[in-house]
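Enquirer: this one's structure only:
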């Protein structure tokens, strides 16, 4: 699964910084599974070398995934000031390597056979072996802490990003990170499975190899799902920042545009920004533009998008996306209620006329606001009319 999605993401023509970083994350997971393979295939010498690598990669995954979320939601390029996130994994790995170097071959065999494979006849343990046992407890504690912190701050970043997207665009299809929340939840599930497996003991699965199928399927499923969502996520903070910069450019050079380009009859008679905003939606039906952004509205009103956002949030008690979609759904509802138009127009045509960029987006928003699909609403209205 790791290799498959690494190849798919590398050959993807629409790859961005976040996708490239996710390839690196998959590579780290791949190395981690090589260490697992050495353990379960009783490659004792190889596993001795890879044991510290396993410690590093296991503690490295969640900080990496958290930073992957930052590249989706916050950072337009990799910022190396966040390298401190890998400090716990580096320090514990150094601790493990140093102890291994100091241990005699007999002590290494005692640790691997007695502690890792649970074989008897190697006690009592030497001080260095006990220090490696302590490493195991430290690993579990750090792993648990990293899972909790990465999950909490990851969800927080995505929530903040989704709110920004909803306040900027009228159509958030493919732009919000709700699917990534499910990916993070899948990673958390995989970490829970790892903790359960660790508590039971990996050696248990050597004597009961069929049970190894359960965590293997869960891990493979999580990797496939996360790889697929990453591959399909085409919109990130890079695109959002680009759209904001385009608005700033248009605002700076607004004075060079003709007045007629921005002149809207009747708009000057309204003093309140709120009334002007409603006028644009109700009289000029700007919601029919499927690519409508809050910056487009602010340019039409010749004001700052912050003021428009404040009116939408504080005076109209909604988000920009919900405001636009409410007008779109109201307009679509009128078309669906009209016997002549409902019979002559397809659902796809009604979606396009109402300002939706796709039929699927229309279905999703309509079902969310009305509780039924557009087709069911159309059929119900036809039954009542008949």
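Expert: Arrived safely, thanks for sending. Since the model is a prediction, treat every value here as computed from it, not as a measurement.

Enquirer: got phi/psi on residue 125?
Expert: Dihedral angles of residue 125 (phi, psi; degrees, to the nearest 10) stand at phi -80, psi 140.

Enquirer: tally up the residues packed near it, please.
Expert: 16 (other Cβ atoms under 10 Å). All C-beta atoms are positioned from the backbone trio N, CA, C, and that covers glycine.

Enquirer: pLDDT on stretch 6-13, on average?
Expert: Regarding stretch 6-13, the rounded mean pLDDT is 93.

Enquirer: so which helix or strand takes in the closest residue to residue 322 other than its chain neighbours?
Expert: Of all residues not flanking residue 322 in the chain, residue 166 sits nearest, at 7.4 Å (Cβ to Cβ, 6 or more residues apart in numbering). Assigned by DSSP states H and E, residue 166 belongs to helix 127-168.

Enquirer: now do the helix or strand following that helix against helix 127-168, angle only.
Expert: Heading C-terminal from helix 127-168, the first helix or strand you meet, by DSSP H and E, is helix 178-200. Using axes from the mean of the first three to the mean of the last three Cα atoms, to 10 degrees, the inter-axis angle of helix 178-200 relative to helix 127-168 is 160 degrees.

Enquirer: just for the chain, where's the confidence low?
Expert: Applying pLDDT under 70 to the chain picks out residues 250-266, 268-270, 382-386.

Enquirer: what does stretch 179-191 rub up against?
Expert: 62, 65, 69, 72, 143, 147, 151, 154-155, 158, 218-219, 221-222, 225-226, 229-230, 232-233 (Cβ atoms under 8 Å, 6 or more residues apart in numbering).

Enquirer: now do stretch 366-374: distance from first to last residue.
Expert: Stretch 366-374 has an end-to-end distance of 6 Å (Cα to Cα, to the nearest Å).

Enquirer: do I have it right that residue 8 meets residue 224?
Expert: No - the pair residue 8 / residue 224 is not scored as a contact, 11.0 Å apart, by Cβ atoms under 8 Å.

Enquirer: domains in this protein, by residue range?
Expert: Split into domains by automatic domain parsing, the chain comes to 2-240, 255-385.

Enquirer: ok, so what distance separates residue 153 from residue 146?
Expert: Distance, residue 153 to residue 146, using Cβ to Cβ, to the nearest Å: 11 Å.

Enquirer: more neighbours: those two, which one.
Expert: residue 146 (22 against 13).

Enquirer: how deep is residue 35 tucked in, by neighbour count?
Expert: Applying other Cβ under 10 Å, we find 20 residues neighbouring residue 35.

Enquirer: just to check, it is in contact with residue 47?
Expert: Yes - using Cβ under 8 Å, residue 35 is in contact with residue 47, at 7.2 Å.

Enquirer: can you pull the contacts of residue 60?
Expert: 28, 86, 89.

Enquirer: how does it look with 6 Å?
Expert: Residues in contact with residue 60 (Cβ atoms under 6 Å, 6 or more residues apart in numbering) are 28, 89.

Enquirer: and residue 76, that's in a helix?
Expert: No - if the criterion is DSSP: H, G, I helix; E, B strand; the rest coil, then residue 76 is coil and not within a helix.

Enquirer: from residue 248, how far off is it?
Expert: Taking Cβ to Cβ as the measure, residue 76 falls 15 Å from residue 248.

Enquirer: so between these two, which is more surrounded?
Expert: Higher neighbour count among residue 76 and residue 248: residue 76, with 16 against 11, using other Cβ under 10 Å.

Enquirer: how much space separates that one from residue 33?
Expert: Residue 76 is 31 Å from residue 33, by Cβ to Cβ.

Enquirer: just residue 110 next, same as before
Expert: To residue 33, residue 110 is 26 Å away according to Cβ to Cβ.

Enquirer: repeat that for residue 312.
Expert: Distance, residue 312 to residue 33, by Cβ to Cβ: 48 Å.

Enquirer: ok, residue 376 next?
Expert: From residue 376 over to residue 33 the distance is 47 Å, taken as Cβ to Cβ.

Enquirer: compare these two (neighbour count), which wins?
Expert: Taking other Cβ under 10 Å, residue 376 and residue 33 do not tie; residue 33 has more neighbours (16 against 13).
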